[in-house]
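Asks: Give me coordinates for this.
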Amino acid sequence: MEKPPIMETAAEGASVVITHQVSPAHQPAYEQWLTKIGPLCRASAGLLDWHIIRPIAGYTQTYSVIIRYQNEDYLKQWLDSPQRQALIDQITPLLVKADHYWVSSGLDFLFMTAQQPAVKLPVRWKQFVLTWSAIFPLVSLVDTLFVSGVMPWLDQAGLPQSRLLHTLCVTGLVVALMVYVVMPPYTRLVREWLHR
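Replies: All right, here's what the predicted structure looks like:
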């Protein structure tokens with residue numbers, strides 16, 4: 001069986017999201033299979049936690065298993081283990097689609113597209129350059145707008161100016177813009193360079 005691609009992760013902390021689509025007719029057998037693989041996974045070296053999100057009856061047929069390890073080495077050790085492979089081989093005939101997983105860490109979600117979650121992540125220096133090139137103009141712009149737009153309003157309202165409140169508002173807005181507005185189109189725009 002061809003192994004799904006594994007994305008680069010940071011040296012510390014790694015997570016995997018495993019998705020299995022199981023038809024309702026096979027879900028009781030899948031639940032029984034989980035009682036075999038679950039204890040083995042939970043006993044594996046470096047495990048931090050293990051969660052299952054079960055399908056909603058009548059709406060979905062996807063089981064999602066989220067597993068966190070202390071580092072990528074422990075994670076790969078489990079994913080490539082003979083015990084896991086034997087159990088995956090056992091359950092594969094009951095799956096609608098093949099065993100699928102993707103590995104991530106930290107802010108990796110900023111560099112992935114929803115259409116291709118299993119794409120290999122860019123090297124860290126490219127993530128740094130891309131993030132910095134987006135954050136610098138955002139912080140400059142948001143800070144300027146806050147000082148020129150919000151601070152005078154606070155003065156007129158007789159409210160005290162607080163550096164802490166100022167920083168809280170600016171950083172909150174910058175992070176929201178980065179995650180929801182800037183990074184999705186920005187990463188699509190520079191995708192060729194980013195993944196080269």
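Asks: Help me confirm that Val17 is found in a strand?
Replies: Yes. According to DSSP: H, G, I helix; E, B strand; the rest coil, Val17 belongs to a strand.
Asks: Please report how far it lies from Ala134.
Replies: 25 Å (Cβ to Cβ, to the nearest Å). No exception for glycine: its C-beta is placed from N, CA and C like everyone else's.
Asks: Please apply the same query to Leu47.
Replies: From Leu47 across to Ala134, the span is 34 Å (Cβ to Cβ).
Asks: ok, now Gly46?
Replies: Distance of Gly46 to Ala134, computed by Cβ to Cβ: 33 Å.
Asks: More neighbours: which of the two?
Replies: Between Gly46 and Ala134, Ala134 has the larger neighbour count (other Cβ atoms under 10 Å), namely 18 against 15.
Asks: Which element, helix or strand, includes that one?
Replies: Using DSSP states H and E, Ala134 sits in helix 124-145.
Asks: can you pull the buried residues of that helix?
Replies: Residues of helix 124-145 classed as buried: Lys126, Gln127, Leu130, Thr131, Ala134, Leu138, Val142, Asp143 (neighbour count, 16 or more other Cβ atoms under 10 Å).
Asks: so can I have a markdown table of these showing pLDDT and distance to Val170?
Replies: As requested, the buried residues of helix 124-145 are exported to a markdown table (pLDDT from 0 to 100; distance: Cβ to Cβ, whole Å):
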| residue | pLDDT | distance to Val170 |
| --- | --- | --- |
| Lys126 | 85 | 26 |
| Gln127 | 81 | 22 |
| Leu130 | 87 | 21 |
| Thr131 | 87 | 17 |
| Ala134 | 89 | 15 |
| Leu138 | 89 | 9 |
| Val142 | 86 | 5 |
| Asp143 | 85 | 5 |
